[in-house]
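1. could you look at this predicted model? Sequence included:
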Amino acid sequence: MSPSSGRSLWLDEALAEENDPPQILRENIKTDICIVGGGFTGLWAALGIKAMDPSADVVLVEADICGGGASGRNGGFMLTWAAKFLTLAKLYGGQDARRIVEMGEASIGEIGRFCETHGIDAHFRRDGWLWTASNEVQIGSWRSTTEALEKYGLGLFQELSLDEVQHRSGSRRHIGGVFGANSATVQPARLARGLRRVAIENGVRIFECSPMTALVRGRTPRVITRDGSVDAQRVGLAMNAWSGLIPELARLMVVVGSDLVATQPCPELLESLNLRSGIAISDSRLFTNYYRRTLDGRMVFGKGGGSFAFGAKFGSLFEGASPFRNQVRGTMEWFYPQLKGVSDAKSWGGPIDRTMTGLPLFGHLNGAENIVYAFGYSGNGVGPTHLGGRILASLSLGVDDDYARLPMVGQIPERFPPEPFRYVGARVIRAALARKEAAEDVGRTPAKLDVALAAMMPGGLVPVKEKASPGKQVG
């Protein structure tokens, strides 16, 4: 399959190795279960269904190609929900939070083993996550989370000295941090396309370039696509950022961009910075900076909080080269001045379905037993979609098991304001957050109004930052 110039570098690489044109749905068919969405959640769900019930007929329809959405455009960080433990505990209690975190931690190894078993060359590297501070205010922002984890017997992070943080990250901009050994990095498009291949080998009928244009509800739901339709006993919606096209789900999230730059290969330079592994590195901003070395010696640097979508129909807003390329590039060079002489290979962006809590939502659409959904990973989905897909598989089969009974299923979520208030408010808060963090970066006290507005931003990849405990310093 030929790559598209408007896609991510990941997808360019993955598609260049394929010769498997998409099959488009051009007829009216029937099935047991129809999954809408060919990203990580939908593919893991389809595989989960076939594992639980090999006789089930599963059809998956995807608007673009499998992995064409956020699953093929992200930074390839395979993290867990450990950093969201405080939010999980607040919502579900400490014991359930522990159980959810443990299940998510187990996903990392399971994904690695799945890739090995099925010959998916996703560049899986379990080299850990370095969660850092890049200004004084961020120092110790992880401590309330790590202490709560330890209270429940989850010693998942190791606090590092200043020298160790800077040695592992290769940047003096990092002035504190903790290390989580269980995280990994992958080439995400290779993983998505590999899951697609395995799903087809297991009997899942996959139709790409077949966008859902309507969902007819009823005793036998019908998924209508541009050129065909699927009558199913049950429907599983795995549309992530496009979930806002479903009216009931539109106000449960806001769609915000994340933008990435990949450099040309520069392995010798990265090795001189001690960036030799697949370690994932990010700081403690709400719209975090995140970066890692690729297997072929590139720096891939990303930054959240770019474009905001107005409503659910964001069209081509997140397609093609990133409009924030210069800002992302400037931030990368702030961390790594040594990269100023290394040219870009490509920039791109993708949509993030951010919920109020920063955690995904699972449930039945308007209480209907035959239409279920999963979405809202809020920028941290490469690892958690493995568990999320398994939850969606149980819900799609109507199985009452441990996954379907997790407290994340069927919760009553907070809603965002309607448009245009959501869009205007998001832009005002984002601007205040940018001013606040810019002031903190140079050691100035941010304006009180900016602090107050920034505090209104919902949670994302990391929990709302708390001040370090008195008397405790990093390094």
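-> Good, I have the coordinates. Residues are numbered from 1 along each chain as shown.
2. buried ones in stretch 275-289?
-> 275, 278-289 (16 or more other Cβ atoms under 10 Å). For glycine as for every other residue, the C-beta is placed from the backbone atoms N, C-alpha and C.
3. okay, now the domains of this protein?
-> 22-397, 421-454 (automatic domain parsing).
4. could you export the ones you listed as a markdown table, including distance to residue 413 and mean pLDDT?
-> What follows is the domains of the chain, written out as a markdown table (distance: least, Cβ to Cβ, whole Å; pLDDT from 0 to 100):
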| stretch | distance to residue 413 | mean pLDDT |
| --- | --- | --- |
| domain 22-397 | 5 | 96 |
| domain 421-454 | 15 | 88 |
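5. deepest of these, which one?
-> Sort those by mean neighbour count, taking mean count of other Cβ atoms under 10 Å, and domain 22-397 sits at the top with a mean of 21.
6. contact partners of the longest helix along the chain?
-> Secondary structure of the chain per DSSP state H: the longest helix is helix 94-118. Residues outside helix 94-118 that contact it (Cβ atoms under 8 Å, 6 or more residues apart in numbering): 78, 80-82, 85, 88-89, 91-92, 120-122, 124, 126, 148-149, 151-154, 156, 182-184, 186, 191, 194, 197-198, 383-384, 386-387, 406-408.
7. just to revisit the earlier point, so which of the domains of the chain is nearest residue 414?
-> Nearest of the domains of the chain to residue 414, taken as Cβ to Cβ: domain 22-397 at 4.0 Å.
8. and the closest one, how far from the chain's centre?
-> 2 Å (Cα atoms, centre = their mean, to the nearest Å).
9. and that domain, end to end?
-> 26 Å (Cα to Cα, to the nearest Å).
10. can you pull out the helices in this structure?
-> Under DSSP H, the chain gives helices at 9-16, 40-52, 85-92, 94-118, 143-151, 162-169, 188-201, 267-272, 325-335, 384-397, 421-441, 448-454.
11. reformat these as TSV; add distance to residue 134.
-> Putting these into TSV (distance: least, Cβ to Cβ, whole Å) gives the following:
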stretch	distance to residue 134
helix 9-16	25
helix 40-52	28
helix 85-92	21
helix 94-118	25
helix 143-151	16
helix 162-169	10
helix 188-201	24
helix 267-272	19
helix 325-335	7
helix 384-397	24
helix 421-441	7
helix 448-454	16
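12. I'd like to know which of those lies nearest to residue 217.
-> Judging these by Cβ to Cβ, what sits closest to residue 217 is helix 384-397, at 15.5 Å.
13. and that closest one, what does it pack onto?
-> Judged by 3 or more Cβ pairs under 8 Å, 6 or more residues apart in numbering; DSSP states H and E, the packing partners of helix 384-397 are strand 28-36, helix 40-52, helix 94-118, strand 229-237, strand 361-364, strand 371-375.
14. possible to save the ones you listed as TSV with distance to residue 136?
-> What follows is those, written out as TSV (distance: least, Cβ to Cβ, whole Å):
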stretch	distance to residue 136
strand 28-36	46
helix 40-52	36
helix 94-118	29
strand 229-237	44
strand 361-364	35
strand 371-375	36
